[in-house]
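A.B. asks: Provided below for reference: sequence and predicted model.
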Amino acid sequence: MQTATVAGLLAAVEQGQGGALWRLRGADRQLDANLVRHLPGAGGAEYTEDEVDVMLVVVSGTGILTLDGVQSHLSAGFLGLLPRGAARALLAGPQGLVVLTVHRKRRGMSIGPAAPAAPSADTPPPSCALHVVCVRCHRHAIEVDARYCSGCGTPLPG
């Protein structure tokens, strides 16, 4: 059994840290779930999730969800089903946004590991890639050198 408290997870993160705070683990499960903190003003480009329906629960903060062109204002307690095939975009408000997403586990991709990018002399390599979120399917990168989403194959933001 996997358990956590949202208050405990939020207390454990540093001010200004966004990304996945928690997610289900284990290979023998039917669901994926992620607790994600979006920093103020953060948001991704519109994309369409073709594989799974996603349940979205707003835990704290505010934001705007655009689903097939219709905007919904988000605040704590918002609960919505984002159907597969619907175009969607999420924009965090001035307080940021913490959301829980739950969906059926996706099929794995069969793409091999990407060649590591050459490190820049003025930018140290990240120690964790969980802050890298796919703009298409909102899956979080787990490899430091990930260049493509392991869920849908979309190039990850630099």
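C.D. replies: Happy to help now that I have it. Keep in mind that this is a model prediction, so the values were computed, not measured. Numbering: from 1, shown residues only.
A.B. asks: now do the strands in this protein.
C.D. replies: 19-23, 31-38, 47-48, 54-67, 70-75, 79-82, 87-104 (DSSP state E).
A.B. asks: for the nearest residue to residue 80 once chain neighbours are set aside, name its beta-bridge partners.
C.D. replies: Excluding the flanking residues, the one nearest residue 80 by C-beta to C-beta, 6 or more residues apart in numbering is residue 56, at 5.0 Å. In this view, the C-beta of every residue, glycine as well, is placed from N, C-alpha and C. Under DSSP bridges, the beta-bridge partners of residue 56 are residue 80, residue 101.
A.B. asks: contacting residues around residue 56?
C.D. replies: Contacts for residue 56 were tallied using C-beta atoms under 8 Å, 6 or more residues apart in numbering; they are 65, 78, 79, 80, 81, 82, 99, 100, 101.
A.B. asks: mind putting the strands of the chain into TSV with mean pLDDT?
C.D. replies: Listed next are those as TSV, based on pLDDT from 0 to 100:
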stretch	mean pLDDT
strand 19-23	86
strand 31-38	90
strand 47-48	91
strand 54-67	95
strand 70-75	96
strand 79-82	95
strand 87-104	93
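A.B. asks: with distance to residue 146 added, can I get the ones you listed in TSV?
C.D. replies: Below are those laid out as TSV (distance: least, C-beta to C-beta, whole Å):
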stretch	distance to residue 146
strand 19-23	13
strand 31-38	16
strand 47-48	17
strand 54-67	21
strand 70-75	28
strand 79-82	24
strand 87-104	19
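A.B. asks: wait, which of the ones you listed is closest to residue 139?
C.D. replies: strand 31-38 (8.3 Å; C-beta to C-beta).
A.B. asks: closest to residue 137 among the contacts of residue 56?
C.D. replies: Nearest to residue 137, judged by C-beta to C-beta, of these is residue 101 at 10.2 Å.
A.B. asks: and the closest residue to residue 76 other than its chain neighbours, how many neighbours does it have?
C.D. replies: Leaving aside its sequence neighbours, residue 76 sits nearest to residue 60 (C-beta to C-beta, 6+ apart; 5.2 Å). For residue 60, the count of nearby residues is 16 (other C-beta atoms under 10 Å).
A.B. asks: and if you look at residue 35?
C.D. replies: 19.
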